[in-house]
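Engineer: sequence first, then the predicted structure, then my questions.
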Amino acid sequence: MKTMKKELSNDINFLEGVQKYFGDSKVKPEQYSALGLAYIGDGVFDLIIRTIVLDMGNGKVKNFHRITSSIVKAESQAKITKAILDELTEEENAIYKHGRNAKSSTSAKNASIVDYRIATGFEALIGYLYLNNRLERALELIKMGLERTELMPHK
């Protein structure tokens with residue numbers, strides 16, 4: 001087990017580590033459906049926010065969950081997206097719109113359909129960037145959005 005930790009900590013990013021140990025995907029990021037990209041993007045965004053919240057210091061998990069939930073909900077994701085739309089490249093904007101316009105069989109429990117669709121577009125963009133090994137760009141956009149909307153958790 002020590003070997004795996006050492007190998008991962010030296011020079012493999014998270015996605016490369018998953019691919020190394022479980023096999024490369026047979027599908028290119030451009031080939032995933034918009035909802036497939038949103039599915040992975042939702043998980044990536046959630047993990048990023050959980051990491052930020054946990055880094056605030058020791059506390060109760062109940063409080064971590066409350067803070068995280070307030071940021072990862074569709075309404076907050078829609079605010080973040082609106083705050084960064086002007087910063088998206090043409091490619092990123094196309095991915096966002098593809099996700100936003102995807103027809104989903106589910107809907108948000110506590111969000112408007114407009115916010116839910118915008119959030120789905122945002123998640124698709126984050127998923128696309130992650131799967132293309134462009135996590136740094138995803139982090140840049142997320143940080144920008146959190147700061148512009150004042151949703152950034154405070155230490």
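Structural biologist: Here it is on my side, so go on.

Engineer: wait, what's in contact with the residue nearest to the spatial centre of the chain?
Structural biologist: For the chain, the residue nearest the mean C-alpha position is residue 45 (2.6 Å; CA atoms, centre = their mean). Neighbour list for residue 45: 72, 77, 122-123, 126, 142 [criterion: CB atoms under 8 Å, 6 or more residues apart in numbering]. The C-beta positions use only the backbone N, C-alpha and C, and glycine is treated the same way.

Engineer: quick one, helices of this structure?
Structural biologist: Defined through DSSP state H, the helices belonging to the chain, from first to last, are 2-11, 14-22, 34-54, 61-72, 74-84, 90-100, 113-131, 135-149.

Engineer: tell me the average confidence for stretch 48-58?
Structural biologist: Averaged over stretch 48-58, pLDDT sits at 91.

Engineer: so what touches it?
Structural biologist: Under the criterion CB under 8 Å, 6+ apart, residues 64, 67-68, 71-72, 138-139, 142, 152-155 lie in contact with stretch 48-58.

Engineer: re the thing from before, so which of the contacts of residue 45 comes closest to residue 37?
Structural biologist: For the contacts of residue 45, the residue nearest residue 37 by CB to CB is residue 123; the value is 7.4 Å.

Engineer: I'd say that closest one and residue 36 touch.
Structural biologist: No. In this structure, residue 123 sits apart from residue 36 without contact. The criterion is CB atoms under 8 Å, and the distance is 10.6 Å.

Engineer: the two: who's more crowded?
Structural biologist: Using other CB atoms under 10 Å, the more surrounded residue of residue 123 and residue 36 is residue 123, with 29 against 18.

Engineer: identify the residues contacting that one.
Structural biologist: 37-39, 41-42, 45, 77, 99.

Engineer: now distance to residue 57 too, for those residues, in TSV please.
Structural biologist: Putting the contacts of residue 123 into TSV (distance: CB to CB, whole Å) gives the following:
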residue	distance to residue 57
37	33
38	31
39	31
41	27
42	26
45	22
77	25
99	34
